[in-house]
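J.: Fold the following.
(one chain, ligands or ions: 1)
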Amino acid sequence: MNILVKIRCLKCNDIIESKHVHDLQRCRCGACFIDGGDKYTRVGGDLKYINFVHEDGREIPCLKA
Ligand SMILES: [Zn+2]
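T.: Numbers count the residues shown, from 1 in each chain. Okay, here's the model as predicted:
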């Protein structure tokens, strides 16, 4: 099963995804990162600038307003 999730940084508009467990990807401006690949999803940085981007294109804010 594919549980890969991408995140979009609302500061620099970068969309990043982690492809392996230790594949930590940081966005262009450095405000957020994603890690964990298809094993787990760990995101960090400034959570209010993170949107989760799902396979079907839906975007969900990391922090609910
Ligand atoms: Zn950014």
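
J.: interface residues of this protein facing the ion?
T.: Taking C-beta under 5 Å from the ion as the contact definition, the chain meets the ion at 9, 11-12, 27, 29, 31. Any C-beta I mention is one placed from the backbone N, CA and C, and that applies to glycine too.

J.: quick one, strands of this protein?
T.: 6-9, 15-17, 25-26, 32-35, 42-45, 50-53, 59-61 (DSSP state E).

J.: Find out how far the second one is from the centre of the chain, if you would.
T.: Translated: strand 15-17. Remark: strand 15-17 is offset 6 Å from the chain centroid, using C-alpha atoms, centre = their mean, to the nearest Å.

J.: Could I get the average pLDDT for it?
T.: For strand 15-17, the mean per-residue pLDDT is 95.

J.: ok, now the fifth one?
T.: With pLDDT averaged residue by residue, strand 42-45 scores 94.

J.: helices and strands around that strand, which ones?
T.: The contact analysis (3 or more C-beta pairs under 8 Å, 6 or more residues apart in numbering; DSSP states H and E) places strand 42-45 against strand 32-35.

J.: Name every strand pairing with the strand it packs on and say which way it goes.
T.: Strand pairing for strand 32-35, determined by DSSP bridges: strand 25-26 (antiparallel), strand 42-45 (antiparallel).

J.: With neighbour count added, can I get the residues of the chain next to the ion in CSV?
T.: Converted to CSV, the residues of the chain next to the ion look like this (neighbours: other C-beta atoms under 10 Å):
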residue, neighbour count
9, 23
11, 17
12, 13
27, 22
29, 14
31, 18
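
J.: Need the strands paired with strand 32-35 in TSV (columns: distance to residue 58).
T.: Compiled in TSV, those are given as follows (distance: least, C-beta to C-beta, whole Å):
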stretch	distance to residue 58
strand 25-26	20
strand 42-45	16
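
J.: Can you list the low-confidence ranges for this structure?
T.: Applying pLDDT under 70 to the chain picks out residues 1-4, 65.

J.: what's stretch 43-61 in contact with?
T.: By C-beta atoms under 8 Å, 6 or more residues apart in numbering, the surrounding residues in contact with stretch 43-61 are 2, 4-11, 15, 26-27, 30-35, 62-63.
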